[in-house]
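S.K.: Sequence and predicted structure, then a few things I'm wondering about:
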Amino acid sequence: MRVTFTVNGREQAADDVWEGESLLYVLRERLGLPGSKNACEQGECGSCTVRLDGVPVCSCLVAAGQAEGRDVVTVEGLAGDDGTLSTVQQAFVDAGAVQCGFCTPGLLVAADELLERNPEPSDGDIREALSGNLCRCTGYEKILDAVRLAAARTGEAV
Amino acid sequence: MDFLRPASWQEALAAKAEHPSAVPIAGGTDVMVEINFDHRRPAYLLDLNRVGELAEWETAGDIVRLGASVPYTRIMEHLRRELPGLALAAHTVASPQIRNRGGVGGNLGTASPAGDAHPALLAGGGEVEAVSVRGTRMIPIDDFYLGVKRNALAPDELIRAVHLRKATGPQQFSKVGTRNAMVIAVCAFGIALHPDRRTVRTGIGSAAPTPIRATAAEEFLTAALDEGGLWDNGKPVPPAVARQFADLVAAAANPIDDVRGTASYRRHALAVMARRTLGWTWEQYRGEQQEERNQPCA
């Protein structure tokens, strides 16, 4: 079947999509957007987190056909058109929150949505917002530092 | 595989009548896992995301009609006052990503004994609105769970909503797992005080082939509260009563040994959760009574 939806502001169509296929598979294998990572395929790890109509979801658990006509933002949509990193992305780099990098895209999407919703999150808020994202390098302290840094920089910019 | 995308509830019912084997998918948090792992290859997937009313709720009198696919996130954020037990349970579901997609209809459809919503639904009380092209059936929640991952739905029926009584007293939910997020319950317990009826209802999760109520425990506690005049005099529940209640809850369970825990651990944990949640809800009830008594006469 054909599935048409908006990805990072651009209308995209994927053909020959199998009916049981996930949105994650369509993004990575059919639309050439490998930023969202494929790890657990059961919603445990959050590496595939994207925003579906603005809401963070595991793209491995969205059937491709369910994305028809909807708006998807992936990690590729965070940076500016000229490649300028977003506040959250820059903070992850500066805080040393990236180790092997596999969990990073999901964490970036989740953290970006948190700060949009809650510009001054408490540590509890950050922990809860990122509780669906696993880092197997166990670099959680630096990840928390990065989100705090991004929140502080967002506050300064306002 | 065929992907059916009804644009309305009527179309969804017609599709389910035509293809009773069709697997409904809303949040996808159970169904997609099974498909991703090749555990299930349904001939038809019936996507319910376009049926907007399934993601809405409405209140009429003392009932909340909760659409089958209202995400747990919305329940946590908007229904904490009306459905406190379910809101607490919703907050323990998996992670934000999962809570943004999953809803009570999925828990009921899957009917896993470990579904987090079940103990709260049993304790709060309510009915499942099961609909087909033949008409609507209201299935009492007590009659809905038939076996491990088996429920009372007919093959052509879909879950439209659950009708839940608004809380008239404190409710609590407690769950045992290895961390706060992403945990399938080792066992779980829900309790709801119903001061209007002077009864207490309970729900046990992950400790029997289906979610169950601890009816003997409920009857014992209801009688003990009544005999002691506790609903009126606002005294604490005597420790011996709380202990007996906890023991009866543990005895109601029929758990197994598995990778998440042993049967004896589950029974022990249930007794602890029953005693604690009774304490929390009763203290809250007493506090509210106290406040009412202290209010000056109008």
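M.R.: Looks like it arrived, so ask away.

S.K.: who's in contact with the longest helix seen in chain A?
M.R.: Secondary structure of chain A per DSSP state H: the longest helix is helix A:140-157. With CB atoms under 8 Å, 6 or more residues apart in numbering or on different chains as the contact definition, helix A:140-157 has outside contacts at A:87-88, A:90-92, A:94-97, A:107, A:111, A:114-115, A:119-121, A:123, A:126-127, A:130, A:135. For the C-beta atoms, the positions are set from N, CA and C on the backbone; glycine is no exception.

S.K.: Quick one: buried ones out of those?
M.R.: Using 16 or more other CB atoms under 10 Å in any protein chain shown as the burial test, these include A:87-88, A:90-92, A:95, A:97, A:107, A:111, A:114-115, A:121, A:126, A:130, A:135 as buried.

S.K.: Which residue, other than its chain neighbours, is closest to the residue of chain B found nearest chain A?
M.R.: Proximity of chain B to chain A (CB to the nearest CB) peaks at residue B:95, 2.4 Å away. In this structure, residue B:95 finds its nearest non-sequential neighbour in residue A:132, 2.4 Å apart by CB to CB, 6 or more residues apart in numbering or on different chains.

S.K.: is it true that that neighbour touches residue A:107?
M.R.: No: counting by CB atoms under 8 Å, residue A:107 is not a contact partner of residue A:132; they are 10.0 Å apart.

S.K.: Give the residues shared as contacts by these two.
M.R.: In contact with both residue A:132 and residue A:107: A:46, A:49, using CB under 8 Å, 6+ apart.

S.K.: coming back round to it: tell me, how many residues neighbour the residue of chain B closest to chain A?
M.R.: Other residues within reach of residue B:95 by the criterion other CB atoms under 10 Å in any protein chain shown amount to 26.

S.K.: can you check residue A:99 too?
M.R.: If you count neighbours by other CB under 10 Å, residue A:99 ends up with 15.

S.K.: Can I take it that it is in a helix?
M.R.: No: under DSSP: H, G, I helix; E, B strand; the rest coil, residue A:99 sits outside any helix and is assigned coil.

S.K.: what helix or strand does residue B:106 sit in?
M.R.: Secondary structure from DSSP states H and E places residue B:106 in helix B:104-110.

S.K.: now for that helix, which elements pack on it?
M.R.: Helix B:104-110 sits against helix B:117-124, strand B:158-165, with contacts defined as 3 or more CB pairs under 8 Å, 6 or more residues apart in numbering or on different chains; DSSP states H and E.

S.K.: if we go to 6 Å?
M.R.: Contacts defined by 3 or more CB pairs under 6 Å, 6 or more residues apart in numbering or on different chains; DSSP states H and E place helix B:104-110 against strand B:158-165.

S.K.: Could you look up the next helix or strand downstream of the strand it packs on?
M.R.: strand B:171-176.

S.K.: Please identify the pairing partners of that next one and their relative orientation?
M.R.: On the basis of DSSP bridges, the sheet neighbours of strand B:171-176 come out as strand B:187-194 (antiparallel).

S.K.: in the helix or strand following the strand it pairs with, what counts as buried?
M.R.: Using DSSP H and E, the helix or strand that follows strand B:187-194 in sequence is strand B:199-205. Along strand B:199-205, these residues count as buried under the neighbour rule (16+ other CB under 10 Å): B:199, B:200, B:201, B:202, B:203, B:204, B:205.

S.K.: angle of strand B:199-205 against strand B:187-194?
M.R.: For strand B:199-205 against strand B:187-194, the angle by axes from the mean of the first three to the mean of the last three CA atoms, to 10 degrees is 160 degrees.

S.K.: So which other helices or strands are in contact with the next helix or strand after strand B:199-205?
M.R.: Using DSSP H and E, the helix or strand that follows strand B:199-205 in sequence is helix B:215-227. Helices and strands touching helix B:215-227, by 3+ CB pairs under 6 Å, 6+ apart, are strand B:199-205, helix B:239-252.

S.K.: Touching, residue A:41 and residue A:60? I think so.
M.R.: Yes: counting by CB atoms under 6 Å, residue A:41 touches residue A:60, with 4.9 Å between them.

S.K.: Who are the contact partners of the residue nearest to residue A:46 when sequence neighbours are not counted?
M.R.: Spatial nearest neighbour of residue A:46, chain neighbours left out: residue A:133 (3.5 Å); criterion: CB to CB, 6+ apart. By CB atoms under 6 Å, 6 or more residues apart in numbering or on different chains, the contact set of residue A:133 is A:46, A:103, A:106, A:107, A:110.

S.K.: Could you chop chain A up by domain?
M.R.: Segmentation of chain A into domains, based on automatic domain parsing, reads A:3-75, A:87-157.

S.K.: phi, psi of residue A:112?
M.R.: The phi and psi values for residue A:112, taken as degrees, to the nearest 10, are phi -60, psi -40.

S.K.: what's around it, how many residues?
M.R.: Using other CB under 10 Å, residue A:112 is surrounded by 23 other residues.
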